[in-house]
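Asks: Dropping the sequence and predicted coords here.
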Amino acid sequence: MKLLYFAWLRQKIGTAEETVTPPPEVTTVGALLAWLSARGPGHAEALKDLAIVRVAVNQEFAKLDAPVKAGDEVALFPPVTGG
Amino acid sequence: MIRVQREDFDIGREIDALTAGRSDIGGLASFVGYVRDFVGKEKASGAEVSAMTLEHYPGMTEKRLAEIEAEANARWKLDATLIVHRYGTLQAGERIVLVACAAAHREDAFAACQFLMDWLKTSAPFWKQEDTANGPRWVDADAKDDALAARWKT
């Protein structure tokens, strides 16, 4: 599973992207975020307030209950500020 | 038509290109966004901004802009639409974004232009970091933009 991080999430986590293999019980976005939080202090800090974290799975906005599976591209970022 | 690019754009040339050779267009409404040189609502109380860096999500950005544009074309009778959105480091006063909508009738052009800007603000995957007098600062999404986008919900 490919993870992409943008803006201050990238700064806190310390990398723009990484490839991860979560355990099989991680089948939703919510479960993935919980699992990622435990990866290290940077991840925990970036994900401590999920109200300001947005997620896209395969380039579509996704909610916490959206499914994730091996091979997906999952992006984590703050609320967008385009325009 | 949508473009995501680092380079600046020429407003007159873009609008002329959109309408070139067509005489069925009755009007064109446009919006240009610029890097403002102060943080917050009022210049008097905000820190000075010298530059802004925009990053985006290559792949998803183009996809979302195309979806937003398709929705505008589905909701209003438009002859041509253009979104040009820059990224990279831009100085205060530089152009960030151009939205232009051409239509036979002005209500469609005005409404689509405002709709596209409201949707760009809330669903286009860009993130802005300002260089301010107090150091770099990530721009927060504004609840006001969510409220403005919500008024278009059917």
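Replies: Structure's in. What do you need? Being a predicted model, the structure only gives us computed values, none of them experimental.
Asks: beta partners of the nearest residue to B:Ser30 once chain neighbours are set aside?
Replies: With CB to CB, 6 or more residues apart in numbering or on different chains as the measure, B:Ala100 is the residue that lies nearest to B:Ser30, at 4.2 Å, once sequence neighbours are left out. C-betas here are computed from N, CA, C, even on glycine. Beta bridges link B:Ala100 to B:Ser30, B:Leu82, judged by DSSP bridges.
Asks: Could you check how many residues crowd around B:Ala100?
Replies: As a burial measure, B:Ala100 scores 25 neighbours (other CB atoms under 10 Å in any protein chain shown).
Asks: Return the distance of it relative to B:Lys77.
Replies: To B:Lys77, B:Ala100 is 16 Å away according to CB to CB, to the nearest Å.
Asks: circling back to that earlier point, which residues does the residue nearest to B:Ser30 contact?
Replies: Shown in contact with B:Ala100 (CB atoms under 8 Å, 6 or more residues apart in numbering or on different chains): B:14-15, B:18, B:28-31, B:80-82, B:113.
Asks: Which parts of chain A are helices?
Replies: Counting by DSSP state H, chain A has these helices, from start to end: A:7-13, A:29-37, A:41-46.
Asks: What average pLDDT does the second one get?
Replies: To tie it back to what came earlier, the one meant is helix A:29-37. This predicted structure assigns helix A:29-37 an average pLDDT of 97.
Asks: now the last one
Replies: Computed over helix A:41-46, the mean pLDDT rounds to 97.
Asks: For the lengthiest helix in chain B, name the packing helices and strands.
Replies: Secondary structure of chain B per DSSP H: the longest helix is helix B:106-123. If you count contacts as 3 or more CB pairs under 8 Å, 6 or more residues apart in numbering or on different chains; DSSP states H and E, helix B:106-123 packs onto strand B:27-34, helix B:60-75, strand B:80-86, strand B:95-103, helix B:143-150.
Asks: In the contacts of B:Ala100, find the pair that's most separated.
Replies: Using CB to CB, the contacts of B:Ala100 reach their maximum pairwise distance at B:Phe31 and B:Ala80, which is 15.1 Å.
Asks: higher neighbour count, those two?
Replies: B:Ala80 (19 against 15).
Asks: how about the residues of chain A that lie near chain B?
Replies: A:4, A:6-8, A:56, A:59, A:61, A:75, A:77-83 (CB under 8 Å from any CB of the partner chain).
Asks: Just give me the closest of those residues to B:Gln129.
Replies: For those, the nearest to B:Gln129 is A:Ala7 (7.3 Å; CB to CB).
Asks: quick one, what contacts that closest one?
Replies: A:Ala7 sits next to A:77-78, B:55, B:127, B:129, B:138 when contact means CB under 8 Å, 6+ apart.
Asks: Just give me the least confident of the contacts of B:Ala100.
Replies: Minimum pLDDT for the contacts of B:Ala100 is recorded at B:Leu18 (94).
Asks: Tell me the one of the residues of chain A next to chain B nearest B:Gly93?
Replies: Comparing these against B:Gly93 with CB to CB places A:Gly83 closest, at 17.3 Å.
Asks: centroid residue for chain B?
Replies: B:Val97 (4.3 Å; CA atoms, centre = their mean).
Asks: got a list of what that one touches?
Replies: Per CB under 8 Å, 6+ apart, neighbours of B:Val97: A:82-83, B:31-33, B:83-86, B:120.
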